[in-house]
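sequence and predicted structure below; questions after.
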Amino acid sequence: MENTVLHLENANIYQGDSLVLSNVNLTINKGDFFYMIGKTGSGKSSLMKTLYADIPLLDGKGTVVGFDLEKLKDKNIPYLRRKIGIVFQDFKLLTDRTVFANLEFVLKATGWKNKEDIHKKIDEVLEKVGMQSKASKKAYELSGGEQQRVAIARALLNDPELILADEPTGNLDPKTSLEVMELLNKIHQSGKTILMATHDYQLIVKYKHKTLKVEAGEVFEVVQQLAN
Ligand SMILES: Nc1ncnc2c1ncn2[C@@H]1O[C@H](COP(=O)(O)OP(=O)(O)OP(=O)(O)O)[C@@H](O)[C@H]1O
């Protein structure tokens, strides 16, 4: 369907030879925000990795932002990833480079050439995450929360159809986690589709979204119980 950003049908998710999740059926439509919760080791990251083709889909069907995962050739993986913004727990910035250089690196690697366009785009995404004044700072000079904002700006560079965030607040203190979550909510409200793996109960209680649970090798949607 035109509105479907992600669709898995009877998908089995492996780590090497081990089956981590079986028979995953999941549809995420444009504009959805889904949490993915589950214990450590339950398979959340493995599912995320399958979605951005870091782990191949060997059984079942999967479509992500218009790419068929089961037929995806290695040479097409970069094109899939251009349409997905990925945010990691540990930020994965080039720490000895400036904020600007981190973002410029991604734009150049994805085919941007015009200097003026590059500057404009970087300004635009930094403004979205409230980091315009920090463009010339080295990434290592930033706090964890600021680094995660830059990582979110990086994820927005190519106007992704889907944002995958794997424990984006996992390395942040509770107050900074709330700030980063408010930023993700703002991005969601601007029309983006987000799937976010998290352990952070504080967030799921405070900000209600659809929720997937990963447990005992299966993925299913849960209805959140009302807080308190
Ligand atoms: N690179 C790997 N090679 C082999 N097995 C792995 C690898 N990474 C993870 N696993 C195994 O796959 C299973 C699922 O791990 P995964 O990292 O997907 O869980 P998770 O729910 O994301 O956990 P966490 O919340 O701790 O990140 C675990 O049993 C784990 O030990």
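Sure, I can see it.

neighbours of Gly16, how many?
Residues near Gly16, counting by other CB atoms under 10 Å, number 6. For glycine as for every other residue, the C-beta is placed from the backbone atoms N, C-alpha and C.

low-confidence ranges in the chain?
1, 224-228 (pLDDT under 70).

which residues of it lie near the ligand?
Gln15, Gly16, Val20, Gly38, Thr40, Gly41, Ser42, Gly43, Lys44, Ser45, Ser46 (CB under 6 Å from any ligand atom).

for the fourth one, give me its contacts.
Remark: with contacts taken as CB atoms under 8 Å, 6 or more residues apart in numbering, Gly38 is in contact with Lys44, Ala197, Lys213, Val214, Glu215.

for it, give its distance to Val205.
From Gly38 across to Val205, the span is 16 Å (CB to CB, to the nearest Å).

equivalent analysis for the fifth one, please.
Here the criterion is CB to CB. By it, Thr40 lies 20 Å from Val205.

of those two, which one has the most company?
Val205 (13 against 7).

ok, whichever strand or helix holds Leu164: who's next to it in the sheet?
If you go by DSSP states H and E, Leu164 is part of strand 162-166. Strand pairing for strand 162-166, using DSSP bridges, gives strand 84-88 (parallel), strand 194-197 (parallel).

tell me which of those strands lies nearest to Thr27.
Nearest to Thr27 among the strands paired with strand 162-166 is strand 194-197 (11.6 Å), distances taken as CB to CB.

restricting to C-alpha, output the closest one in PDB.
Output of strand 194-197 as PDB, limited to C-alpha atoms (Å, rounded to 0.1, in the frame of the first residue of the first chain):
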ATOM      1  CA  ILE A 194       9.500   6.600  13.800                       C
ATOM      2  CA  LEU A 195      10.300   3.200  15.300                       C
ATOM      3  CA  MET A 196      12.100   3.500  18.500                       C
ATOM      4  CA  ALA A 197      13.500   0.600  20.600                       C
END
